[in-house]
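Enquirer: 3D model of this:
(5 chains, ligands or ions: 5)
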Amino acid sequence: MAAVDTLARTAPAPSAEPFFACRDVHAYYGESYIVQGISFEMKEGEVVALLGRNGAGKTSTLRTIARTDSPQMRKGEIWLGGHPLHKTNSVGAAKLGLQLVPEDRRIIPGLTVEENLKLAQIAEPKGWEIERVYERFPRLAERRRQEAVTMSGGEQQMLAVARALCRELKLLLLDEPYEGLAPVIVQEIERIVAEIKEAGITTIMVEQNAIAALHLADRAIIMDMGEIVYTGTAKDVLADKALREEYLAV
Amino acid sequence: MAPLWPPRRDILMTVIFGIVVFTMPIWLQPFGAAYPDLMQRFAIYGIFAIGFNILFGLTGYLSFGHAAFLGVGSYTAVWSFKLLSLNIIPAIICSTLMAGVFAVVIGYVSLRRSGIYFSILTLAFAQMCYNLAYSVLTPITNGETGLRVLRDDPRIIDAMFGSTTVAVPRAEIFGIAITGMTGFWACAVCLMIAFYVALRITRSPFGMMLRGIKSNQTRMSYVGVNTRPYTLVAFIISGMYAGLAGGLLAIVDPLAGAERMQWTASGEVVLMTILGGAGTLLGPFVGAVIIKYFENIFSSLGDATLADAFSFLPPSVEHVVVTIVSPFVGEGWHLTLGVLFMIVVIFLPGGLVEGFRRIGRLFRSKER
Amino acid sequence: ADFCNNPAGSTVTLGFNVPQTGPYADEGKDELRAFELAVKHLNGEGDGGMLSTFKPSNLKGNGILGRKVEFVTGDTQTKSDAARATARRMIEKDGVIMVSGGSSSGVAVAVQSLCQEMGVLFMAGLTHSNDTTGKDKRRYGFRHFFNAYQSGVALGSVLAEAYGKERRAYHLTADYTWGWTQEESIKNATEAQGWETVQTVRTPLGAGDFSQYLTPVLNSGADVLILNHYGGDMVNSLTQAVQFGMRDKQVNGKQFEIVVPLYSELMAEGAGENVKGIFGTSNWSWQLDNDGTKAFAKSFGQVYGRPPSQAAHTCYVQTLLYANAVETAGTFAPPEVIKALEGFEFDGMGNGPTLYRDTDHQCFKDVLVVQGNEKPTSQFDLLKVYKIVPRSEVTYDPSIFGGELGPYDVAGCAA
Amino acid sequence: MDAILLQILNGLDKGGAYALIALGLTLTFGTLGVVNFAHGALFMLGAFCVVGIQQVLTISERVRDPSITFFEAYIEQPYLVSWFGDTGAAIIDWVIPISLLAAIPIMLLVGILMERGLIRFFYKRPHAEQILVTFGLAIVLAEIVKAWFGANPIPVQPPEIVRGSADIGAWLGIDANLSYPWWRLIYLVSSFVIIGGVFAFLNLTTYGMVVRAGMADRETVQLLGIDIQRRFTVVFGLAAVVAGLAGALYTGIQPPNYNIGMEFLVLSFVVVVVGGMGSLPGAVAAGFLLGMLQSFASLNEVKSLLPGIDQVVIYLVAVIVLLTRPRGLLGRKGVMEA
Amino acid sequence: MIENKVLHVADVQKNFAGLRALSDIDLTITEGKTHAIIGPNGAGKSTLLNVVVGRIIPDEGAVVFDGTVITGKKPYEINQLGIARVFQTPEIFNDLTLLQNVMVPAYAKRDGPLRLNVLTALDSDTDIRLAAEEILEDVGLADKRHADASAMSRGDKRRLELAMCLVQRPKLLLLDEPTAGMSRLDTNRTIDLLKKIKAGGMTKVIIEHDMHVVFSLADMVTVLAGGRIIAQGTPEEVRRDPKVQEAYLGGAH
Ligand SMILES: Nc1ncnc2c1ncn2[C@@H]1O[C@H](COP(=O)(O)OP(=O)(O)OP(=O)(O)O)[C@@H](O)[C@H]1O
Ligand SMILES: Nc1ncnc2c1ncn2[C@@H]1O[C@H](COP(=O)(O)OP(=O)(O)OP(=O)(O)O)[C@@H](O)[C@H]1O
Ligand SMILES: CC(C)C[C@H](N)C(=O)O
Ligand SMILES: [Mg+2]
Ligand SMILES: [Mg+2]
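Expert: Ligands and ions are numbered 1, 2, ... in the order given. Okay, here's the model as predicted:
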């Protein structure tokens, strides 16, 4: 797909090491123990759906991988493209090409839409040009001078994804990208995610709309109570009715 | 947030608190702080801080002008001594009420804004009171010298009951002069009452509403609460506490000076509250005691006292220790206070009381 | 006898309450030096200073009534409230039998009335307001320093001589008891000489930047600026007035002049060059030519490497006078000590024959008119004595200021 | 007429001082979201840079003062003067300008150390704790200065040639009795220059935008690969430099003492808030507004109409402004409103 | 059957600096019914609720609730009349426990907008407390009632906010995306809960993007787009409306 060709990786990762790996990751909010020993690996270009009920620890896992200050990671290793993420912080992770699109979108108050996008292009490595974002998301172009937080939820979600695209992407973490969006927009964002997948961007996606997520994903990981309870291909999960009912209620 | 407490424990807590306060002359002895003036200050500033906490700790509104109420309370008490009677009861009532009146006015205006804007409004009002008391209001406040009780004041209530001529005019309660320890007992009684009232407020639905306002004003108005009157009432109550404290200051030493309205005095109560632990019941009192202790005891320690204190050490060591310690006492007591603030905030966020609680928890969990 | 803080052991404690911070901190520091020196001398250490020149004296150089003298200090911060708190601490915690010091009349008046209530003697340090021994006088308070009224009397004629009788004066006044009474006294004295007072403006104590008060002076038509400021405030206001070019101005065809009615060596030091030629009055100067002055200046200079200021002098003298009164009375009991001080006539303390008047506890002695030295001969030679106004000229009727002393016996802190 | 002009100048001059302090405070307070009660202390440190350098320049040999005979008195003769004669004296005379240059790196370092060592741990803490810790720091800094330099104001003189006053009446060609101290004019001009410099730095660069974003949501900015920490440090250093320069320049107006920072602190908070939280132009505008009003309130004509107005005008105006404009002159919504 | 209208939004207009967020909105809500409002993002749905609860004052038009005009009234007054609202981003008391979070609105309901209730002790007030615990039970948060609200996951926060509204037993409950971010399991539980309330006769306005929720609950659906009502009717009618399909539902439905 032409629209996302610059997203494509330039050189393949060495094949012996997995492209991305979590090994026995434990993380805490203060004293409360939330991420309780997560391990999984991903090949380059793979899309994984991280599923589980509310409070299972999905967001916490993504935040741990993105190396934010909270939750605090106390044990374990995280590797991305041969670099040890566990030894760096969120800034370092971002510089290695990791982007988190957070569940609450985290659009920066006080800045306009355009400034929010520009912010993603301060530090290297950069991704899309802003003009290109506007072509892809005409709605944002219309609102470029508006203070971004006064936009509607869906508009903000678009901005959050667009902002991630403004950076060069090796690993994209999407936390509930469809939440609160009108079906048309969901389809729109689904298309974007599909493009991203097509471009070979390794992606972890958390989504309550499990079916939608599973249709896109190569693989599914199901969490419960801070642990991984199931790993398998997306097809398997779609097929396994009992599993779906127990953890996903679908 | 601790689970809700049964009310019987309120009484128990007040009683324990009372015992601690009333035995201060005994247990403060080893700290060199068991003299009336300082103990009175502990109690008075304790009241001030406890009252301040009702506003700041519960609603989160940080007033930077509470000293104005302290000053108003003091001036009113002295005027009550001058015009009405040397008896402290009218003085206490008048000072508390007058501070309440000021709080209504200042609170009504200031509470139209929140956050830092509120803080600066209160600061501005207090500074206006201070500057005016110092200058053009001199006929009422006696300016920089301070308002004093004079022998030839009218004292109409006293005059009704006989002569007003006294050798030296002193506050009294039914013939008992309020000096020295009596002054402390009077303050201690007020402190206990003030503590109990604060306790009841904190543990009442009203108190919970105030905490709701602190937590989320938007939600508060969408569950049907008109937040302004609530905060205004909290403001008035805490202003009245300050007025009471100011009145007591004038009772134990019948001079009211404008300085006690200055922003530094307002800042002091903020520091007391945060140092001890804003939002906790005991914290403000603890903070008040510590700051007043430093101000009075540390500032009066000289090198000679230090040498005494460390004389058990070998002379060379003693010399070194005294050299290290001496910048922190006497004139340098502020330095100690500054360092203390920093240490407490850095290592015990939430204040001393919260810090103790945490340390306590740490020990308990280690035992297990 | 039962009275507040009757010394029980072999020592007696005095309380020295001086400003260590605030606009008068400089004088506070010098006062403290003098107190230490006085205590040494009373205890028979050092060279004895004025002990040898003071007459009539009962001092023996073995402490007071045989008790070794100790002292505690406090910081008044130049605030009445704070000063009262430290004084109370001294009385209640440290058991002092006498409080001295202070560099502000506001503080002096406040502490003096506290001392009356507590039944402890107050030997005022620096205080120049008429009120201290006027409407706010107290039985337990004594002042050695002169006052604003005396400054006015002494200065009036000198100013008229030097600057002529047709002058228009503009007052900037520290906004508290001392400033008010000094403004009034100087105004009366200069108006009596034919001067006109254009404007009197109050400035808050410790204002720092006086520019907003100085700019209106320039266009007011006044040709004399009278700064009723002291200490750090005066250093600032005078320096800034000079920066505004006031001393180079011609107004009404006359040279614009600045007057600082109450002067001190420390201020002159702070203001540097700016004081040259400026008139004021002073309680005492280390350059006076008499035995007491020389003895004191010498012993002070040897210990501290600088001559004493008038602040140091008055505090030193007050301590000695108190000690002497106790020796005379033979007891620490305040009423007796007070009686020993009242009407006491003495000499050899640097100001010539001096009377502690019984009706208002004000000292009467010669007053110095001083002028900023145009050609100092040494680094400390900042003020030169222009004229010594004799005691008889500055004596006044105590009734003009009203006030009452109150009783000798107060229940005090012993009650 | 002269009176008015003079009062305007005086107001601008005061306003310049307020604006400078408020500007630095806003940089940390509005931008970084840190309530820095130690800002006054930075002002004070700037002033004491001058004092310190003056003391270094005037390191002296002790020469016995022969004019004092009855005790041993000494005169301090600066080595600079002993060695270089008039040149040495001139260097000492130019102490303030020299110190200004030195103050920039010193204050930058102080600011950076302060931010690295303390402030950064408090970005996320409640404002109350920020107040307490920076207040503690302010006390500590003031006490250290007091222990070193003493409690009393230390006179510092502007260079001889600008010590007097400028005849502005002659400049403007009006036959008016209008003169104003040189040094105060220099202060006024410097404040314009510094304010302009800071604005250019923050508004004409994306730096300012990034810093604002970092203040609103550090975490997200970091997730975008920006090392916001370093930028905060720089901004803090910049604020310290602005405060320090304001303080250093001020020594020519008023001899500094250890407490001068506290004296300015409250006023500068009022200025910042009247200007509107987080707004640099607001802070500057409010600084000049309040300076001007204070100057005019001190006119005797005004005071006779409204006694005491000169004492309270700043606070009164603060109340009026905050009641009519909820967020001060130019404040943004939501900044420090809770 | 005479349908009783609880809420009437009459010809409401609202502009934001040139942007027409709501234009000519005329809407009636029938008592006891569940009325869904759907529409693309930015259609003005939340803005409409803001107008109803008094957060935004419309440029034109009025809102009538239960026969009283409520436009211009303060939010707390409107709540006191019986309108409660769940926000799109949860507005809860982060510093309080879950139980207290629910007790505050319960007191507000019982004591009115201003009552200085200082004399009762919190804990002896069993009525309020029991009511609060019961509601927490209903939404499935009972076992966490002494935990601080700030430690909840977002789904829990939403349920908590719902509980805070339910405890007031409002006549009209406005829900802005009550199940957004909820797992299917919890969504289903919430649907059940809301059905139960419906049985109790409470009128509800619900904004939702999850069509499963809309079609399970709504009696009536209004579709907003670009600040205008583009369709209105029963769920089935709306679903079949081509305009709606184009503007909102997209091809997949
Ligand atoms: N800041 C925090 N402090 C303490 N506990 C937290 C914090 N944030 C989340 N938790 C707890 O961690 C657990 C996992 O939360 P997390 O947000 O990761 O869940 P989730 O799977 O993303 O759920 P959801 O689908 O509701 O978003 C929950 O029990 C939550 O209460
Ligand atoms: N305070 C405001 N200032 C300016 N524009 C605003 C403001 N509030 C809302 N808007 C704009 O009004 C439009 C409607 O917003 P609203 O939040 O009502 O949408 P919505 O229908 O709730 O969307 P969503 O489903 O995404 O939440 C949006 O375009 C939004 O950008
Ligand atoms: C120090 C004194 C002699 C003058 C001082 N200002 C006073 O109040 O009296
Ligand atoms: Mg989540
Ligand atoms: Mg919405």
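
Enquirer: so what's the nearest residue to residue C:164 once chain neighbours are set aside up against?
Expert: Leaving aside its chain neighbours, residue C:164 sits nearest to residue C:254 (7.3 Å; criterion: CB to CB, 6 or more residues apart in numbering or on different chains). All C-beta atoms are positioned from the backbone trio N, CA, C, and that covers glycine. The contact partners of residue C:254, by CB atoms under 8 Å, 6 or more residues apart in numbering or on different chains, come to C:163-164, C:167, C:223.

Enquirer: how near is residue C:254 to chain A?
Expert: 62 Å (CB to the nearest CB, to the nearest Å).

Enquirer: Okay, and the beta partners of that residue?
Expert: Legend: beta-bridge partners of residue C:254 under DSSP bridges are residue C:251.

Enquirer: How about the backbone phi and psi for residue E:167?
Expert: phi -60, psi -20 (degrees, to the nearest 10).

Enquirer: which non-adjacent residue is nearest residue B:294?
Expert: In space, residue B:294 comes closest to residue B:337 once its chain neighbours are excluded; the distance is 5.1 Å by CB to CB, 6+ apart.

Enquirer: The one you found and chain C, how far apart?
Expert: According to CB to the nearest CB, residue B:337 stands 14 Å off from chain C.

Enquirer: same question, residue E:241
Expert: 73 Å.

Enquirer: Count the neighbours of that residue for me.
Expert: 19 (other CB atoms under 10 Å in any protein chain shown).

Enquirer: Test my guess that it contacts residue E:232.
Expert: No. No contact is recorded between residue E:241 and residue E:232 when judged using CB atoms under 8 Å, the distance being 9.3 Å.

Enquirer: Name the residues contacting each of these two.
Expert: Shared contacts of residue E:241 and residue E:232 (CB under 8 Å, 6+ apart): residue E:223.

Enquirer: Can you name the residue of the stretch 101-250 of chain C nearest ligand 4?
Expert: Closest approach between the stretch 101-250 of chain C and ligand 4, counting by CB to the ion: residue C:208, at 56.7 Å.

Enquirer: Now list the buried members of the contacts of residue C:254.
Expert: When those are checked for burial by 16 or more other CB atoms under 10 Å in any protein chain shown, the buried set is C:163, C:167, C:223.

Enquirer: Run a quick check on the second one versus residue C:223, I expect a contact.
Expert: Yes. Applying CB under 8 Å as the test, residue C:167 and residue C:223 come out as touching, 5.9 Å apart.

Enquirer: Common neighbours of those two, please.
Expert: Overlap between the contact sets of residue C:167 and residue C:223, as judged by CB under 8 Å, 6+ apart, is given by C:254, C:257.

Enquirer: all strands of chain B, in order?
Expert: Per DSSP state E, chain B has strands spanning B:147-148, B:172-173, B:176-177, B:255-256. These are given in chain order.

Enquirer: is it true that residue C:37 lies in a strand?
Expert: No. Assignment of residue C:37 by DSSP: H, G, I helix; E, B strand; the rest coil gives helix, placing it outside any strand.

Enquirer: can you tell me how far it sits from ligand 5?
Expert: Spatial separation of residue C:37 from ligand 5 under the definition CB to the ion, to the nearest Å is 81 Å.

Enquirer: Now do the contacts for residue E:8.
Expert: When contacts are counted by CB under 8 Å, 6+ apart, residue E:8 is found next to E:27-29, E:63-65.

Enquirer: and of the strands of chain B, who's closest to ligand 2?
Expert: Ligand 2 sits nearest to strand B:255-256 of all the strands of chain B, at 50.2 Å, using CB to the nearest ligand atom.

Enquirer: Is chain C within reach of the longest helix anywhere in chain D?
Expert: Longest helix of chain D, by residue count under DSSP state H: helix D:2-26. Yes. Using CB under 8 Å from any CB of the partner chain, a contact is recorded between helix D:2-26 and chain C, made by D:2-3, D:6-7, D:9-10, D:13-14.

Enquirer: Let me have these in a markdown table, extended by pLDDT and neighbour count.
Expert: Written out in a markdown table, the entries for the residues of helix D:2-26 next to chain C read as follows (pLDDT from 0 to 100; neighbours: other CB atoms under 10 Å in any protein chain shown):
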| residue | pLDDT | neighbour count |
| --- | --- | --- |
| D:2 | 74 | 17 |
| D:3 | 78 | 18 |
| D:6 | 85 | 26 |
| D:7 | 87 | 21 |
| D:9 | 89 | 21 |
| D:10 | 89 | 26 |
| D:13 | 88 | 26 |
| D:14 | 88 | 25 |
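
Enquirer: what sits against the spatially closest residue to residue C:372 that is not a sequence neighbour?
Expert: Beyond its immediate neighbours in the sequence, the residue positioned closest to residue C:372 (CB to CB, 6+ apart) is residue C:275, lying 3.4 Å away. Residue C:275 makes contacts with C:238, C:260, C:267-268, C:372-373, C:382-383, as judged by CB under 8 Å, 6+ apart.
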